[in-house]
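*Asks:* Sharing a model prediction with you, sequence too.
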Amino acid sequence: MLALAKMKLALAALFAGSAAAFAPQDAGRAATSLNIGTPGSGWGATLGPSPQGSNVGDQQRILGQTRRTWQFPDINQELVEVDMTSDGRPMYADIQLWIGPDWTPMTMKTYSYDGYKRPLKCIIGTRNKQATIEVKNTGSYELPITCSATYAKPPFSDLRNELPGKVEGAYVEGGGAVHSVTFDPTVEQAQILLKTDLRQLNAKVEVLNAPNNYKQTFEIFTNNGVLNSLYVVVDTPQASNTVRVRNIAPLEFPFRAYISEV
């Protein structure tokens, strides 16, 4: 009996040691602070990463192959700011604007090779209607993203309207016409505005760090390139960044491209 009792105690100690070996090693570790630009005076001046601990609207973590939505019921406000980042891994996402039960007037596919160094900052128009913004993570399960959406506030909300007064818009015909701008290595961020004269907008934006080395891409379709123009701010942390826009709509749907440093 004594030998049997000793054997039971030995087995219990063995199982306890095995359970401890397979327990999570980072339990209780503090979460990583994600750098997402936030509306307000501090962020609006530089459009850079926000201070640690700041809050951007309703911030949500979106795992791969899942989606989240944000409701915007105020018809007196028209501009929505969407901010998206990751912990340094690639970002693949689809953004859609929903108005009513079955109307999707704008869709945008986005990609970034590093969502920490090159996050997404964009403005989406709700057309002064009750709207929903959906963000779907189209990447794999191992590539989560963190996203927020909120009504845009000055000074960020003013930049879209101010840009056409600062730079001359390049006329980009439909049928595959291309326009590109290369930035000096000292430029840290660039802003891009694509708009039409009420006709549809179907375009692709590519941010390159070398010939055909894509760091970030945006592909947008909307049936009204004024009410839903494309306005994005991109980070350019490495030298020799080029922004290239391509009109992938038919020939009769040109747009104007306004591209400038922030």
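*Replies:* It's in. Just so you know, these numbers come straight off a predicted model, no measurement behind them.
*Asks:* List the buried residues in the helix or strand containing R246.
*Replies:* In this assignment (DSSP states H and E), R246 forms part of strand 242-247. Within strand 242-247, the residues that count as buried by 16 or more other CB atoms under 10 Å are 242-247. From N, CA and C alone the C-beta is placed, and that goes for glycine too.
*Asks:* Redo the residues you listed as a markdown table? Include distance to L227 and pLDDT.
*Replies:* Shown next, in a markdown table, are the buried residues of strand 242-247 (distance: CB to CB, whole Å; pLDDT from 0 to 100):
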| residue | distance to L227 | pLDDT |
| --- | --- | --- |
| T242 | 29 | 96 |
| V243 | 23 | 97 |
| R244 | 25 | 97 |
| V245 | 19 | 98 |
| R246 | 22 | 98 |
| N247 | 19 | 98 |
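*Asks:* which one among these gets closest to R199?
*Replies:* Closest to R199 out of the buried residues of strand 242-247 is N247 (11.4 Å), distances taken as CB to CB.
*Asks:* so how far is V205 from the closest one?
*Replies:* 11 Å (CB to CB, to the nearest Å).
*Asks:* Pairing partners for the strand holding R246, with directions?
*Replies:* strand 178-182 (antiparallel), strand 201-208 (antiparallel) (DSSP bridges).
*Asks:* now the shortest one: how far from the chain's centre is it?
*Replies:* For strand 178-182, the separation from the chain centroid amounts to 21 Å (computed by CA atoms, centre = their mean, to the nearest Å).
*Asks:* residue ranges with poor pLDDT in the stretch 151-262 of the chain?
*Replies:* Counting by pLDDT under 70, not a single residue of the stretch 151-262 of the chain qualifies.
*Asks:* For the buried residues of strand 242-247, name the two members farthest from one another.
*Replies:* Largest separation among the buried residues of strand 242-247 by CB to CB: T242 and N247, giving 17.1 Å.
*Asks:* residue contacts, P250?
*Replies:* Contact analysis of P250 by CB atoms under 8 Å, 6 or more residues apart in numbering lists 174-175.
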